[in-house]
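> Test case, fold it:
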Amino acid sequence: MSDLFAADPPQGTAPDEPREDAPLADRLRPRSLSEVIGQEHLTGPEGPIGRMVAAGKLSSMILWGPPGTGKTSTARLLADAVGMRFESVSAVFSGVADLKKAFAAADRAAEAGQRTLLFVDEIHRFNRAQQDGFLPFVERGTVTLVGATTENPSFELNAALLSRAQVLILHRLDADALEKLLARAEELEGPLPLTDDARGALIASADGDGRFLLNQAETLYSARITEPLDPAGLGQFLQRRVAVYDKNREGHYNLISALHKSVRGSDPQAALYYLARMLVAGEDPLFVLRRLVQMAVEDIGLADPQALHQCLAAKDAYEFLGSPEGELAIAQACIYLATAPKSVGAYKAQKAAWKSAKETGSLMPPQNILNAPTKLMKNVGYGKGYQYDPDTEDGFSGANYWPEGMDPQTYYVPVERGFEREIRKRLDYWDKLRRERQG
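As a prediction, the model looks like this:
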């Protein structure tokens, strides 16, 4: 499956030239890493992929990004760029038997002096035991693992696997990248039957997904439309709402920025106005809901923990009711966010904690809080001295939970607003007890 496409006409002939009747997205896939668009922070000369290719040596990696941003295409081109054999499996369709075959083939290739890049699509769908199965083959160099996932690797992949692979983040394609895809399609198939406004609306509707954009373009070509469609006609033809913005999507970005800043500035009247502007123009309601969820966790956080629940409930209500009735739920969530107390305490805490995690490597937690499921682990001290907090005085032991060699840190500092005011009281109280009980 190809999921990123050439920015310019391809040079030369790829070894796996697509058939003439192949889908448009497949026919427009890039033929070299230099033709991959939208991910220059990775594939450029100063990017991690660019540097590895220049050195002629790849390390195992996890490509994390939204659909249609180039994970599969990048993996295929990586193998070609450094002269490696390419082997591909999908966690959706493959099982243990398929993995054994792939590893056996890689072993045979290694005996013949050929290195193997094993691409695992949707790697997060493999369970923990299956993920562990990759480790010995990665460690002894039988394969260089390149996994692709749309899910956060921190939550979905084993720590042991992550410690052996570099996580590289692919970005959603911006408007310029999507415009290049359409231009490349038009070089192959001819002009799209769209007005300038409809063209901008089509790009906006893709929401950063290059494969989706080209699939929509192919639908338009297949229909052999004789007169250019305007945004309303495009929406009717594709059976989905498309936003009526200027062709470079400036209106799209201006309005979402205005909505976000109005909510952040606690002005529900202005927030409702910009929300209305977007939805009346035909913006995808799910895009707006995603941004509202972002506002709930970024600008409000624990100052009002219900803010996130309101947004997720609005998403469920919209998907259940559809338009226009479901848009009332979106408006309700917008008003709730705009009138909620604001705090970036959780946002700053997350950034600081992530920074510490990267800097401290793999420090072990103190032994008293390690699980001890076996007798041997108990004998060597795992879990020794652990105090069960709910059964102690005040429900709080005051024990030390930080790794040896690392001083306790303060990441989360609640503000004196909303529910965080109560959280601050709790933290101050526990700090007092902790000082007393730790002497």
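
> Just give the nearest non-adjacent residue to the residue nearest the centre of the chain, would you?
Nearest to the mean C-alpha position of the chain, by Cα atoms, centre = their mean, lies G65 at 4.3 Å. Once flanking residues are discounted, G65 sits nearest to L170: 2.9 Å by Cβ to Cβ, 6 or more residues apart in numbering. To be clear about C-beta, it is placed using only N, CA and C from the backbone, and glycine gets the same treatment.

> dump the residue contacts of the one you found.
38-39, 42, 63-66, 69-71, 74 (Cβ atoms under 8 Å, 6 or more residues apart in numbering).

> Flag whichever of the residues you listed scores worst on pLDDT.
Least confident entry in these, by pLDDT: P66, with 86.

> could you flag which of the contacts of L170 are buried?
38-39, 42, 63-65, 69-71, 74 (16 or more other Cβ atoms under 10 Å).

> Make JSON lines from those and add secondary structure and distance to D316 to it.
Below are these laid out as JSON lines (DSSP: H, G, I helix; E, B strand; the rest coil; distance: Cβ to Cβ, whole Å):
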{"residue": "G38", "secondary structure": "coil", "distance to D316": "31"}
{"residue": "Q39", "secondary structure": "coil", "distance to D316": "33"}
{"residue": "L42", "secondary structure": "helix", "distance to D316": "35"}
{"residue": "L63", "secondary structure": "strand", "distance to D316": "31"}
{"residue": "W64", "secondary structure": "strand", "distance to D316": "26"}
{"residue": "G65", "secondary structure": "coil", "distance to D316": "26"}
{"residue": "T69", "secondary structure": "coil", "distance to D316": "27"}
{"residue": "G70", "secondary structure": "coil", "distance to D316": "31"}
{"residue": "K71", "secondary structure": "helix", "distance to D316": "29"}
{"residue": "T74", "secondary structure": "helix", "distance to D316": "34"}
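
> just checking, what packs against the stretch of helix or strand L145 belongs to?
Using DSSP states H and E, the element containing L145 is strand 143-149. For strand 143-149, the packing partners by 3 or more Cβ pairs under 8 Å, 6 or more residues apart in numbering; DSSP states H and E come out as strand 61-64, helix 71-81, helix 96-111, strand 116-121, helix 135-139.

> give me the number of residues near T339?
For T339, the neighbour count with other Cβ atoms under 10 Å is 14.

> For it, which non-adjacent residue is spatially closest?
P268 (5.5 Å).

> any idea how far that neighbour is from A338?
4 Å (Cβ to Cβ, to the nearest Å).

> Compare those two and say which is more crowded by neighbours.
Neighbour totals were compared for P268 and A338, and A338 leads with 23 against 18 (other Cβ under 10 Å).

> Apart from its chain neighbours, what residue comes closest to E20?
Going by Cβ to Cβ, 6+ apart, E20 has R27 as its nearest residue, at 8.0 Å.

> Now for V288: which residues touch it?
256, 259, 275, 278-279, 330.

> can you give me how far the helix or strand encompassing it is from the chain middle?
In the assignment (DSSP H and E), V288 maps to helix 285-295. Averaging C-alpha positions (Cα atoms, centre = their mean, to the nearest Å) puts helix 285-295 15 Å from its chain's average.

> same check, this time on stretch 271-284
25 Å.

> Name the residues of that stretch that are buried.
Those would be 271-272, 274-275, 278-279, 281-284, for stretch 271-284 by 16+ other Cβ under 10 Å.

> quick check: mean pLDDT across stretch 236-256?
The model assigns stretch 236-256 a mean pLDDT of 66.

> Surely A340 is in contact with A303?
Yes - contact criterion Cβ atoms under 8 Å: A340 and A303 qualify, at 6.8 Å.

> Find residues that contact each of these two.
G418.

> Past the helix holding V288, which element shows up next along the chain?
helix 306-321.

> Could you look up the next helix or strand downstream of that following helix?
Next along from helix 306-321, by DSSP H and E: helix 327-339.

> what about that next one, average pLDDT?
96.

> next SSE after that helix?
Taking DSSP H and E, what comes next after helix 327-339 is helix 345-360.

> can you pull the buried residues of that following helix?
Under 16+ other Cβ under 10 Å, the buried positions of helix 345-360 are 345-346, 349-350.

> For it, give me every contacting residue.
Residues contacting helix 345-360 (Cβ under 8 Å, 6+ apart): 297-299, 301-303, 403, 406, 409, 411-415, 420.

> quick revisit: now the next helix or strand after the strand holding L145: how far from the chain's centre is it?
Scanning forward in sequence from strand 143-149 by DSSP H and E, the next helix or strand is helix 153-156. Mean C-alpha position of helix 153-156 versus that of the full chain (Cα atoms, centre = their mean) differs by 11 Å.

> Could you list the buried residues of helix 153-156?
For helix 153-156, using 16+ other Cβ under 10 Å, the buried residues are 153, 156.
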